[in-house]
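# Got a predicted model here, sequence first, then my questions.
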Amino acid sequence: MTRMTVKRKLEILSDAAKYDASCASSGSSKRDSRDGKGLGSNEGSGICHAYAPDGRCISLLKILMTNFCVYDCSYCVNRVSSNVPRARFTVDEVVDLTINFYRRNYIEGLFLSSGIIRSPDATMADMVRIARRLRKEESFRGYIHLKTIPDAAPELIAEAGLLADRLSINVELPTDAAVEAYAPEKSPEQIRGAMADVRHRKDAAQDRSHRGRRPPRFAPAGQSTQMIIGADGATDKTILGRSTRLYGDYKLKRVYYSAFSPIPDSSAKLPLISPPLQREHRLYQADWLLRFYGFELDEITSTTRDGNLDLAVDPKLAWALEHRALFPVDVNKAPKELLLRVPGFGVKTAKRIVSTRRHCYLRYDHLLRIGGAMKKAQPFIVAGGWSPGSLTDSACLRARFAPSPEQLTLF
């Protein structure tokens, strides 16, 4: 049998990794090799493939160690019953790829996930071996994100946290019932237990000893999780409610939503609720509103009758259109909490408005310079030189922002 080349493995396993939501290096502690010790940096910019929450664009070598898997999750393209090309990297190959790509300025870090081969412990042990080789033998100081396996031994996950910047453990689906139906070999209780263990170890790493010494850093960029959306019948309210609990229970840095699309050779009968990518996008927007804008779950999901988000317009605009009695707001008088609910105003814009109006009376042109998205904000605000008049209550206001209807083809 012909031996598969590393190039061919990279083609297969980088394509297979596209189903794993990536996570950037924002939040990690600063490391670089400008002191002449070691190799790499977890900051800077290069050929970029991922966006950090602070807006920086960074590059990651994003691969699976293998797409062989002993599990048969209905929604996964790499499940054991799926007819896809298979490949497997050795530990040496992943280490060599990471170092060589970094030296060529292709990447700034490694995002490593894997299917389950032989056993969860055997797979996790190989992933830890890769991280250990990079850190200890190659002195690699770039960013490392490991997708950990909740079934693996706690000591393996513990070592992974000492080597990686960020760990993630997938909750898989929005509800326990969905996991049991579509991924029966996985245990929601075990997943939550592993996530709780990561949180406790990270909390413990913040505590100093009685001599003032800090323990070794554990996953300094925190942990995240990924949730498949659209593979079951869960509503957006259910999904966002689950995310809210996850943020609180495990101090997650991010919940990543991964839109499910039917796999062509799938024999499983999985429902497809709404256009996958558009729904994913709206969930990210709603997630942001819940975390940083002071919105409550019921407020965001009450704009439609079925508990799902409005796909035609963003969640904040959908809420504003349903609560026009609160608008327009006077940008020179409104509290910050209300400014955050104006479509087109972000957190930075609201802060700048509050800061600037202490020194001058805000006019419309001031808001343009401050950075507000005024085309969207116009119907909802009053400022010096601007009043929306009857626009706020106009019957065609929604049509002004919603996408234009398209004629569908019959063939």
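Received, thanks. On a predicted model such as this, the values are computed, not experimentally measured, just so you know. Numbers count the residues shown, from 1 in each chain.
# does Phe260 really touch Ala231, like I thought?
Yes: at 4.0 Å, Phe260 counts as touching Ala231 under the criterion of CB atoms under 8 Å. Placement of C-beta: from N, CA and C, glycine included.
# okay, these two: which has more neighbours?
Neighbours were counted for Phe260 and for Ala231 using other CB atoms under 10 Å; Ala231 has more, 29 against 23.
# I'd assumed Val179 was in contact with the more buried one.
No: between Ala231 and Val179 there is no contact under CB under 8 Å: 10.4 Å.
# intersection of neighbour lists for those two?
The contact sets of Ala231 and Val179 overlap at Leu173 (CB atoms under 8 Å, 6 or more residues apart in numbering).
# pretty sure Pro403 is in a helix, no?
No: looking at Pro403 with DSSP: H, G, I helix; E, B strand; the rest coil, it is coil, so not inside a helix.
# Quick check: which element contains the spatially closest residue to Arg291 that is not a sequence neighbour?
Closest residue to Arg291 apart from its sequence neighbours, by CB to CB, 6 or more residues apart in numbering: Tyr247 at 7.0 Å. In the assignment (DSSP states H and E), Tyr247 maps to helix 236-250.
# pLDDT of that helix, averaged?
Per-residue pLDDT values across helix 236-250 average out to 97.
# Direction included, what does the helix or strand following that helix pair against?
For helix 236-250, the following helix or strand on the C-terminal side (DSSP H and E) is strand 254-259. Its sheet considered, strand 254-259 pairs with strand 223-229 (parallel) by DSSP bridges.
# pull the CA atoms of the partner strand into CSV?
Extracted C-alpha coordinates of strand 223-229, given in CSV (Å, rounded to 0.1, in the frame of the first residue of the first chain):
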residue,chain,number,x,y,z
GLN,A,223,-11.5,27.5,28.4
SER,A,224,-14.2,27.6,25.7
THR,A,225,-16.7,25.2,24.3
GLN,A,226,-18.5,24.5,21.0
MET,A,227,-22.2,23.7,20.4
ILE,A,228,-23.6,22.2,17.2
ILE,A,229,-26.7,24.2,16.3
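# who touches that strand?
Contacts of strand 223-229 (CB under 8 Å, 6+ apart): 20-21, 23, 75, 166-174, 195, 198-199, 202, 239, 242-243, 246, 250-260, 276, 279-280, 283.
# What are the buried residues along stretch 218-232?
For stretch 218-232, a neighbour-count test (16 or more other CB atoms under 10 Å) marks 218-232 as buried.
# Quick check: of the residues you listed, which lies closest to Leu391?
Ile229 (35.0 Å; CB to CB).
# can you state the direction angle for the helix holding Tyr247 and strand 254-259?
Going by axes from the mean of the first three to the mean of the last three CA atoms, to 10 degrees, helix 236-250 is angled at 150 degrees with respect to strand 254-259.
# in the stretch 301-411 of the chain, which spans are helices?
For the stretch 301-411 of the chain, the helices defined by DSSP state H, counting those that start in this stretch occupy 315-322, 336-339, 347-356, 364-370, 374-377, 397-401.
# so which of those is the most packed in?
For the helices of the stretch 301-411 of the chain, average neighbour numbers computed from mean count of other CB atoms under 10 Å are highest in helix 315-322, which has a mean of 22.
# Off-centre distance for it?
How far helix 315-322 lies from its chain's middle: 23 Å, per CA atoms, centre = their mean, to the nearest Å.
# The residue most central in space within the chain bridge partners, please.
Closest residue to the average C-alpha location of the chain: Tyr256 at 3.2 Å, with CA atoms, centre = their mean. According to DSSP bridges, the residues that bridge with Tyr256 are Gln226.
# Could you pull up the residues touching Leu391?
Residues near Leu391 by CB under 8 Å, 6+ apart: Gln378, Pro379, Leu397.
# returning to what we had before: export the helices of the stretch 301-411 of the chain as a markdown table, with columns for mean pLDDT and distance to Asp330.
Listed next are the helices of the stretch 301-411 of the chain as a markdown table, based on pLDDT from 0 to 100; distance: least, CB to CB, whole Å:
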| stretch | mean pLDDT | distance to Asp330 |
| --- | --- | --- |
| helix 315-322 | 96 | 16 |
| helix 336-339 | 97 | 10 |
| helix 347-356 | 96 | 11 |
| helix 364-370 | 94 | 12 |
| helix 374-377 | 95 | 13 |
| helix 397-401 | 92 | 19 |
